[in-house]
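# With the input below, show me the fold.
(2 chains)
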Amino acid sequence: MDLKEIVTLTLATIGVAFVLISSVGIVKLPDLYTRIHASGKTGTLGIMGVLLAVAVHHGDLIAAAKMIALIAFFWLTAPVAAHMLDRAAYLTGVKRAPQTVQDDLAGKYDVEQGRLRS
Amino acid sequence: MIVLILILTLTWMALQSSFTLPDLIVGLAVSYAIVALASRFLSIPFVNGGLGRPRMDSRKYAHLTVKWIAFIGFAVWSILKANIDMARIVLFRRVADIRPGIIAIPLDVKSDAGITVLANLITLTPGTVSLDISTDRRTIYIHCIDVQDADAVRNDIKQNFERRVMELLP
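Here you go, the predicted structure:
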């Protein structure tokens, strides 16, 4: 095994491990809001590991540029998806886990006016 | 507008790594479609030949460039830390022990771009996901997976993230 293969395998392993942890989180955590933490965050590092492994495997600049662009786009879009899911869940009244301690949003939505008070 | 389309076309051809006539035509078509679809959402004024803000003097430009590079480095570092933090919570904490909650944070950033960057950064970093922004844009609501001390979370975000975003996009 040469150095390139070792680096590729290491990166891919780290990536897959984080995707696995993210999946475990989705099963284990108590409600939708906390599950979004698992999928939205751990997922991003997982994708990054796998894509960097692809870049190293191909070993040329074009592949590296494409993968880095993909990572950048993923990091720009994943939080938006997480935010929209969270917001839609809150607005449709998805139940929070019983251990939730604080809710500063309670009663702040003005549904008729379509406004959110500060 | 034209400049934006040409830049996108060049990027397209560079990433295809072939500079032939069909690539140019497809690239132009794709770039045109992207700009047409996105123009509704672009609030960048099309001054300075479509490149965005008007000219600034070169010292300030260099300073801003360094700031941006430092900011991107900080963001990547925060993302790595966030992932390891999250993995630790998922793997080693008992579910009954975590204390999720929604916290309101007053915002000082005013620009749309600044709020967007801050909200994305909050979502990608340890234990917090931004949930919504109040209509008057004075408050951001975040979901925090483990609230030990709401004020500490507030301070951390204001001191670490908002201060840095403010310097770049007030």
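
# Now do the helices in chain B.
Taking DSSP state H as the test, the helices found in chain B are B:2-16, B:21-38, B:58-92, B:112-124, B:150-156, B:163-168.

# Tell me which residues are up against the fifth one.
Right, helix B:150-156. Among residues not part of helix B:150-156, those counted as contacts by CB atoms under 8 Å, 6 or more residues apart in numbering or on different chains are A:Gln102, B:Gly101, B:Ile103, B:Ile105, B:Thr128, B:Ile142, B:Cys144, B:Val147. Quick note: C-beta positions are derived from backbone N, CA and C, even for glycine.

# hmm, 10 Å instead?
By CB atoms under 10 Å, 6 or more residues apart in numbering or on different chains, the residues outside helix B:150-156 that reach it are A:101-102, A:104, B:101-106, B:125-128, B:142, B:144, B:146-147, B:149.

# ditto for the last one
With CB under 10 Å, 6+ apart as the test, helix B:163-168 has contacts from B:64, B:67-68, B:70-71, B:74-75, B:108-111, B:113-119, B:121, B:157-158.

# middle-most residue in chain A, spatially?
Nearest to the mean C-alpha position of chain A, by CA atoms, centre = their mean, lies A:Gly40 at 2.0 Å.

# And the pLDDT at B:Pro170?
Per-residue pLDDT puts B:Pro170 at 66.

# Next: A:Gln113.
pLDDT for A:Gln113: 64.

# Return the most buried member of the helices of chain B.
A comparison of these by mean neighbour count, using mean count of other CB atoms under 10 Å in any protein chain shown, puts helix B:112-124 on top with a mean of 21.

# hmm, what's the outermost residue in chain B?
Largest separation from the mean C-alpha position in chain B: B:Leu21, at 35.2 Å (CA atoms, centre = their mean).

# Next, the buried residues of stretch A:93-102.
Under the neighbour-count criterion of 16 or more other CB atoms under 10 Å in any protein chain shown, stretch A:93-102 has A:Arg96, A:Ala97, A:Thr100 buried.

# Wait, a strand at the last one?
The reference is to A:Thr100. No: read with DSSP: H, G, I helix; E, B strand; the rest coil, A:Thr100 is coil and lies in no strand.

# Just list the residues touching it, thanks.
For A:Thr100, the contact set (CB under 10 Å, 6+ apart) comprises A:Pro30, A:Asp31, A:Tyr33, A:Thr34, B:Ile98, B:Arg99, B:Pro100, B:Gly101, B:Ile102, B:His143, B:Val147.

# burial count for the fourth one?
By that I understand A:Thr34. Other residues lying near A:Thr34 total 27 when counted by other CB atoms under 10 Å in any protein chain shown.

# And the contacts of stretch A:49-67?
Residues from elsewhere that reach stretch A:49-67, judged by CB under 10 Å, 6+ apart: A:3-19, A:48, A:68-71, A:74, B:11, B:14-17, B:83.

# among the residues you listed, which ones are buried?
Among the contacts of stretch A:49-67, those classed as buried by 16+ other CB under 10 Å are A:Thr8, A:Leu11, A:Ala12, A:Ile14, A:Gly15, A:Phe18, A:Val19, A:Met48, A:Ile71, B:Asn83.

# Let's have the buried residues of stretch A:93-102 in JSON lines, adding distance to A:Val54 and pLDDT.
What follows is the buried residues of stretch A:93-102, written out as JSON lines (distance: CB to CB, whole Å; pLDDT from 0 to 100):
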{"residue": "A:Arg96", "distance to A:Val54": "39", "pLDDT": "77"}
{"residue": "A:Ala97", "distance to A:Val54": "37", "pLDDT": "75"}
{"residue": "A:Thr100", "distance to A:Val54": "40", "pLDDT": "72"}
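
# Okay, now the unreliable bits of chain B?
B:39-58, B:170 (pLDDT under 70).

# ok now do the nearest residue to B:Asn120 once chain neighbours are set aside, which residues does it touch?
Take B:Asn120 and drop its neighbours on the chain: the residue closest to it by CB to CB, 6 or more residues apart in numbering or on different chains is A:Pro79, 4.3 Å away. Contacts for A:Pro79 were tallied using CB under 10 Å, 6+ apart; they are A:40-41, A:44, B:116, B:119-125, B:129-130.

# Next, give me the two most distant ones among those residues.
Farthest pair in these (CB to CB) is A:Lys41 and B:Thr116. Separation: 18.1 Å.
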